[in-house]
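Peer 1: need a structure here:
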Amino acid sequence: MKYALLIYEDESSQPTDGSPESAERYQQYGSFTEDIRSTGILLGGEALHPVDTATSVRVRRKERSVTDGPFAETKEQLGGFYLIDVEDLDRAIDVASRIPGATTGCVEVRPLIGWD
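Peer 2: Numbering: from 1, shown residues only. Below is the predicted model of the structure:
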């Protein structure tokens, strides 16, 4: 079954780019990504730019509204995701618990709808 692992963290608490803490975090994500790639369960994934680069689009009564920023103010922001294919929810939860962001934020596990 396919799952999206959505990584939410508080952007304001992230290490500064170029700092030793940031380098360590990138290394942790690199190791995790390579591990799930080598097991064949990784379908894809990406990191996202900070929330201040987001644009929200709404259409109401056929009128389009475009605003800067995310849909809603939250403590934690969506920072990236992985798409995996594993046998069941328990395995997806096991994988999600190994994502470095799970130690400082939250990883939401969502099954994908199979349109086949």
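
Peer 1: would you map the helices across this protein?
Peer 2: For the chain, the helices defined by DSSP state H cover 20-38, 89-96.

Peer 1: any chance of the ones you listed in a markdown table, plus mean pLDDT and mean neighbour count?
Peer 2: For glycine as for every other residue, the C-beta is placed from the backbone atoms N, C-alpha and C. Output for the helices of the chain, formatted as a markdown table (pLDDT from 0 to 100; neighbours: other CB atoms under 10 Å):
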| stretch | mean pLDDT | mean neighbour count |
| --- | --- | --- |
| helix 20-38 | 95 | 13 |
| helix 89-96 | 97 | 16 |
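
Peer 1: switch the ones you listed over to a markdown table; also include distance to Lys62.
Peer 2: Formatted as a markdown table, these follow (distance: least, CB to CB, whole Å):
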| stretch | distance to Lys62 |
| --- | --- |
| helix 20-38 | 42 |
| helix 89-96 | 39 |
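
Peer 1: who wins for proximity to Gln77 among these?
Peer 2: helix 20-38 (15.8 Å; CB to CB).

Peer 1: the residue nearest to Val51 when sequence neighbours are not counted bridge partners, please.
Peer 2: Of all residues beyond its chain neighbours, the one nearest Val51 is Gln77 (4.4 Å), with distances taken as CB to CB, 6 or more residues apart in numbering. Beta bridges link Gln77 to Glu9, judged by DSSP bridges.

Peer 1: which residues touch Lys2?
Peer 2: Listed by CB atoms under 8 Å, 6 or more residues apart in numbering, the contact set of Lys2 reads Leu43, Leu83, Ile84, Asp85, Pro111, Leu112, Gly114.
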